[in-house]
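K.L.:
okay, predicted coordinates and the sequence, questions at the end:
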Amino acid sequence: MVELKTDTSIDEMYRAGQVVAHALTAVRDAADVGVSLLELDEVARGVLRGAGADSPFLGYRPSFAPTPFPAVICASVNDAIVHGIPTRQKLRDGDLVSIDCGAQLDGWAGDSAISFTVGTPRPEDVRLIETAERALAAGIAAATVGNRVGDIAHAIGVVCRDAGYGIPQGFGGHGIGRRMHEDPPVPNEGRPHRGMLLRRGMALAIEPMLIASGRDDYHEAPDGWTLRTNDNSRAAHAEHTVAITDEGPRVLTARER
């Protein structure tokens, strides 16, 4: 079931989304060579705490997970695609880092992700990240009244495939609102003009995930959460929470920088 949000509800979701935006900016600013993933998680916890928000990640346990998630961010490094658990691992020069974060504020959720490099960037990583952001922008542009979920999926998939990147199958975006994960699912590849009709008041978390080698296969790490590429190639992840309005898509987790 898809809940259509009122304009007032979308404004409230924007408040939650801005907490996420600020947390991601703070984490990116804190990320440096020698900083641990646990330290980055603590930075995000401080932003959520300061805003009076809760984390929809902390304690989350979907059916596939062996344990509740223990952090407020997912921190995925290099060959980790998504769902990385923050550990004492320290960042090294040239690492590619993907951070996913959510916030629950006054009963509404926000969800967003960014990828960036630490220290001296590899040109191939810069291109991968830029393509993830372009794919996200293409998906957002397709999130308009009268389009369908397949139009979003197709827009994302075209950008990723044209650039030669892989798309991990079975994982993608989702509806969002009072809960972090709601209907409908939003794949990162699909046929245009297919799937659920997009209506005013829908809110979606759109999130392309790219694998540098062009292959789509991945495996679950022993922690039961982290997804890693099978060939050790690097991955990138970008995500925004977007509301569908009569004026066009409204990005609720937009960052100032």
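P.N.:
Nice, I can see it.
K.L.:
the protein: helices as residue ranges?
P.N.:
7-30, 37-51, 123-141, 149-162 (DSSP state H).
K.L.:
output the ones you listed in JSON lines; the columns should cover mean neighbour count and mean pLDDT.
P.N.:
Quick note: C-beta positions are derived from backbone N, CA and C, even for glycine. Supplementary listing: the helices of the chain in JSON lines, determined by neighbours: other Cβ atoms under 10 Å; pLDDT from 0 to 100:
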{"stretch": "helix 7-30", "mean neighbour count": "20", "mean pLDDT": "98"}
{"stretch": "helix 37-51", "mean neighbour count": "19", "mean pLDDT": "98"}
{"stretch": "helix 123-141", "mean neighbour count": "19", "mean pLDDT": "98"}
{"stretch": "helix 149-162", "mean neighbour count": "22", "mean pLDDT": "98"}
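K.L.:
with distance to Gly224 added, can I get the ones you listed in a markdown table?
P.N.:
Shown next, in a markdown table, are those (distance: least, Cβ to Cβ, whole Å):
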| stretch | distance to Gly224 |
| --- | --- |
| helix 7-30 | 23 |
| helix 37-51 | 17 |
| helix 123-141 | 25 |
| helix 149-162 | 27 |
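K.L.:
which regions of the protein sit below the pLDDT cut-off?
P.N.:
Counting by pLDDT under 70, the chain shows no low-confidence range.
K.L.:
run through the strands of it in chain order.
P.N.:
For the chain, the strands defined by DSSP state E occupy 73-77, 80-82, 96-105, 108-117, 173-175, 182-186, 203-206, 209-211, 218-220, 227-229, 235-237, 240-245, 248-251.
K.L.:
which one of those lies nearest to Met196?
P.N.:
Evaluated over those, closeness to Met196 peaks at strand 182-186, with 4.8 Å, by Cβ to Cβ.
K.L.:
in CSV, list the C-alpha atoms belonging to the closest one.
P.N.:
Listed next in CSV are the C-alpha coordinates belonging to strand 182-186 (Å, rounded to 0.1, in the frame of the first residue of the first chain):
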residue,chain,number,x,y,z
GLU,A,182,7.7,1.4,2.2
ASP,A,183,6.1,0.5,-1.2
PRO,A,184,6.8,0.7,-4.0
PRO,A,185,10.2,-0.9,-4.8
VAL,A,186,12.2,1.2,-7.2
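K.L.:
what are the contacting residues of that strand?
P.N.:
Contacting residues not belonging to strand 182-186 are listed as 1-3, 139, 149, 152-153, 172-176, 195-196, 204-207 [Cβ atoms under 8 Å, 6 or more residues apart in numbering].
K.L.:
and these, which are buried?
P.N.:
For the contacts of strand 182-186, a neighbour count by 16 or more other Cβ atoms under 10 Å gives the buried set as 2, 139, 149, 152-153, 172-176, 195, 204-207.
K.L.:
so which of the residues you listed comes closest to Trp108?
P.N.:
Ile176 (8.9 Å).
K.L.:
what distance do you get for that closest one to Ala137?
P.N.:
The gap separating Ile176 from Ala137 is 19 Å, by Cβ to Cβ, to the nearest Å.
K.L.:
do Val27 as well
P.N.:
For Val27, the distance to Ala137 equals 22 Å [Cβ to Cβ].
K.L.:
what's the neighbour count on Ala31?
P.N.:
With neighbours defined by other Cβ atoms under 10 Å, the count for Ala31 comes to 21.
K.L.:
next, work out how far apart it and Ser98 are.
P.N.:
11 Å.
K.L.:
can you check Leu198 too?
P.N.:
Leu198 sits 27 Å away from Ser98, going by Cβ to Cβ.
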